[in-house]
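1. Only the shape, not the letters, is given here:
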């Protein structure tokens with residue numbers, strides 16, 4: 001089926017409808033039908049939520065459904081989550097924030113990270129990495145908000161939507177604006193896709209149109225794409241091939257996490273049963289401990305906390321056992337060339353924490369450092 005041209009007349013034209021019955025049918029009319037599920041789970045999230053009049057499927061209020069509320073509670077109760085990939089179908093694209101703002105309004109370090117991770121995803125999968133605001137809307141007045149927007153906007157989580165399966169790409173059809181293509185595209189794109197379906201998937205992928213006597217509409221034709229099993233989802237025989245590149249992309253993102261480590265732990269005798277304990281805590285990971293500027297803006301992370309746990313035979317002198325020592329940088333967002341050597345690589349990835357304690361030789365204490373997104377490390381040491 002080819003879309004009718006705006007000024008075209010005199011041809012044989014059809015209405016395209018999904019297969020099904022027409023309830024309470026009135027002759028010569030076909031009323032619009034709302035989806036039975038009514039709520040689109042991906043539009044039921046708090047960030048920039050707008051109601052049904054603007055965004056279909058939004059629900060009566062954010063997180064109105066038990067499923068979306070359960071997932072939101074899961075994410076909110078796990079502050080260690082710093083990256084999140086939601087799996088969708090279909091388009092063959094890697095979608096990222098912003099959803100409500102252009103790239104120009106995103107914090108530059110966050111944008112740099114999104115672009116770097118997106119480039120890796122493209123390298124592994126062949127899918128382009130696209131900003132949802134500029135590359136996945138039909139027009140600039142359209143409201144598209146959802147799950148992963150909430151993750152980034154509220155918690156500074158680096159969020160992605162992997163739109164698995166690219167039938168157009170398999171057929172050699174190039175798409176610049178993915179959402180816009182569904183509204184309008186050359187008829188030749190459809191022909192290439194049908195030819196590809198016939199050659200690679202067999203005649204059941206695109207069913208030739210055949211006559212049918214419909215209970216309400218009378219004589220119609222049935223046919224077209226088997227949408228669920230060929231376009232909306234990868235055909236079963238191609239499923240493994242389609243998802244094969246993505247575990248490497250997931251692992252790549254995890255390898256970028258911040259990671260606390262003890263760089264140095266020293267105990268020095270001061271005399272009279274007193275001891276100085278000096279530690280150097282280091283972030284050995286790529287990202288800073290806070291991971292994203294958005295996480296700092298939303299106060300989603302607390303910073304590194306250092307703690308000395310003393311037994312009954314050891315007393316801490318003149319300071320608290322637990323300290324908030326701030327955030328630590330990582331290797332990210334630093335100059336990548338000696339040409340910019342005037343930008344000194346300071347040791348803002350380390351922090352020194354010291355305690356004075358009183359205790360007998362060979363008494364032990366436990367040192368602990370933790371950060372919600374950089375892990376928890378512990379070490380037991382003996383005095384003397």
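-> That came in fine, so what should we check first? It should be emphasised that the depicted structure is a prediction, and the values quoted were computed from it without experimental measurement.

2. in the stretch 51-200 of the chain, which ranges drop under the pLDDT threshold?
-> Where the stretch 51-200 of the chain drops to pLDDT under 70, the residues are 137-145.

3. hmm, try it at 50
-> The model of the stretch 51-200 of the chain has pLDDT under 50 over residues 140.

4. Against residue 209, how distant is residue 12?
-> 12 Å (CB to CB, to the nearest Å). For every residue, glycine as well, the C-beta is placed using N, CA and C.

5. quick one: the helices in the chain?
-> 66-76, 108-125, 132-135, 147-155, 167-170, 178-183, 187-200, 239-243, 246-254, 293-297 (DSSP state H).

6. right, and these - which one's nearest residue 214?
-> Set against residue 214 and scored by CB to CB, the helices of the chain come closest in helix 187-200, at 24.0 Å.

7. Please state the offset of that closest one from the chain centre?
-> Here helix 187-200 is found 32 Å from its chain centre; the criterion is CA atoms, centre = their mean, to the nearest Å.

8. packing partners for that helix?
-> helix 167-170, strand 206-214 (3 or more CB pairs under 8 Å, 6 or more residues apart in numbering; DSSP states H and E).

9. circling back: give me the more crowded residue out of residue 12 and residue 209.
-> More neighbours surround residue 209 than the other of residue 12 and residue 209, with 13 against 4 (other CB atoms under 10 Å).

10. which non-adjacent residue is nearest the more buried one?
-> Spatially, and ignoring its direct neighbours in sequence, residue 209 is nearest to residue 223 (3.6 Å; CB to CB, 6 or more residues apart in numbering).

11. again with residue 318
-> Nearest in space to residue 318, with sequence neighbours left out and distances taken as CB to CB, 6+ apart, is residue 356 at 5.9 Å.

12. isn't the one you found right next to residue 272, touching?
-> No. Using CB atoms under 8 Å, residue 356 is not in contact with residue 272, being 11.5 Å away.

13. Which residue of those two possesses the greater neighbour count?
-> residue 356 (14 against 6).

14. pLDDT value on the more buried one, please?
-> Note on residue 356: pLDDT of 97.

15. cool, and the one 3 residues further on?
-> Note on residue 359: pLDDT of 96.

16. And for it, the neighbour number?
-> 21.

17. what's the distance between it and residue 271?
-> For residue 359, the distance to residue 271 - CB to CB - is 13 Å.

18. same question, residue 148
-> Residue 148 sits 58 Å away from residue 271, going by CB to CB.

19. what about those two, which has more around it?
-> More crowded of residue 148 and residue 271, by other CB under 10 Å: residue 148, with 25 against 6.

20. Partner strands of the lengthiest strand in the chain, with direction?
-> Ranked by residue count under DSSP state E, the longest strand found in the chain is strand 260-271. Strand 260-271 sits in its sheet next to strand 274-283 (antiparallel), going by DSSP bridges.

21. Could you list the buried residues of the strand it pairs with?
-> Across strand 274-283, burial judged by 16 or more other CB atoms under 10 Å covers 275, 277, 279-283.

22. of all the residues you listed, which comes closest to residue 135?
-> Using CB to CB, the buried residues of strand 274-283 come closest to residue 135 at residue 283, 33.3 Å.

23. ok, the closest one touching residue 289?
-> Yes. Between residue 283 and residue 289 a contact is recorded at 5.6 Å, counting by CB under 8 Å.

24. Next, show the common contact partners of those two.
-> Counting by CB atoms under 8 Å, 6 or more residues apart in numbering, the shared contacts of residue 283 and residue 289 are 258, 260, 328, 330, 374.

25. Nearest to residue 367 among these?
-> residue 260 (11.6 Å).

26. contacting residues for the closest one?
-> So residue 260 contacts 281-284, 289, 304, 328, 369-371, 374-377 (CB under 8 Å, 6+ apart).

27. Show me the beta-bridge partners of it.
-> Here residue 260 shows beta-bridge partners residue 283, assigned using DSSP bridges.

28. Tell me how the chain divides into domains.
-> According to automatic domain parsing, the chain comprises the domains 41-165+233-253, 257-382.

29. nearest to residue 227, of those domains?
-> domain 41-165+233-253 (8.8 Å).

30. thinking again about what came up before, bridging across strands, which residues link to the residue nearest to residue 318?
-> So, taking DSSP bridges as the rule, residue 356 has residue 276, residue 317 as bridge partners.

31. which stretches of the stretch 251-384 of the chain form strands?
-> For the stretch 251-384 of the chain, the strands defined by DSSP state E, counting those that start in this stretch cover 260-271, 274-283, 304-310, 314-317, 322-326, 350-359, 364-371, 375-382.

32. out of those, nearest to residue 174?
-> Comparing the strands of the stretch 251-384 of the chain under CB to CB, the one sitting nearest is strand 274-283, at 42.3 Å.

33. what about the closest one, distance to the chain center?
-> For strand 274-283, the distance from its own C-alpha centre to the chain's C-alpha centre is 37 Å (CA atoms, centre = their mean).

34. cool, stretch 192-209 as well?
-> Distance of stretch 192-209 from the chain centroid (CA atoms, centre = their mean) equals 33 Å.

35. May I see the buried residues of stretch 229-249?
-> By 16+ other CB under 10 Å, the buried positions in stretch 229-249 come out as 230-231, 233-235, 238, 242, 246, 249.

36. Let me have those residues in JSON lines, extended by pLDDT.
-> Putting those into JSON lines (pLDDT from 0 to 100) gives the following:
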{"residue": "230", "pLDDT": "91"}
{"residue": "231", "pLDDT": "89"}
{"residue": "233", "pLDDT": "93"}
{"residue": "234", "pLDDT": "92"}
{"residue": "235", "pLDDT": "91"}
{"residue": "238", "pLDDT": "92"}
{"residue": "242", "pLDDT": "94"}
{"residue": "246", "pLDDT": "97"}
{"residue": "249", "pLDDT": "98"}
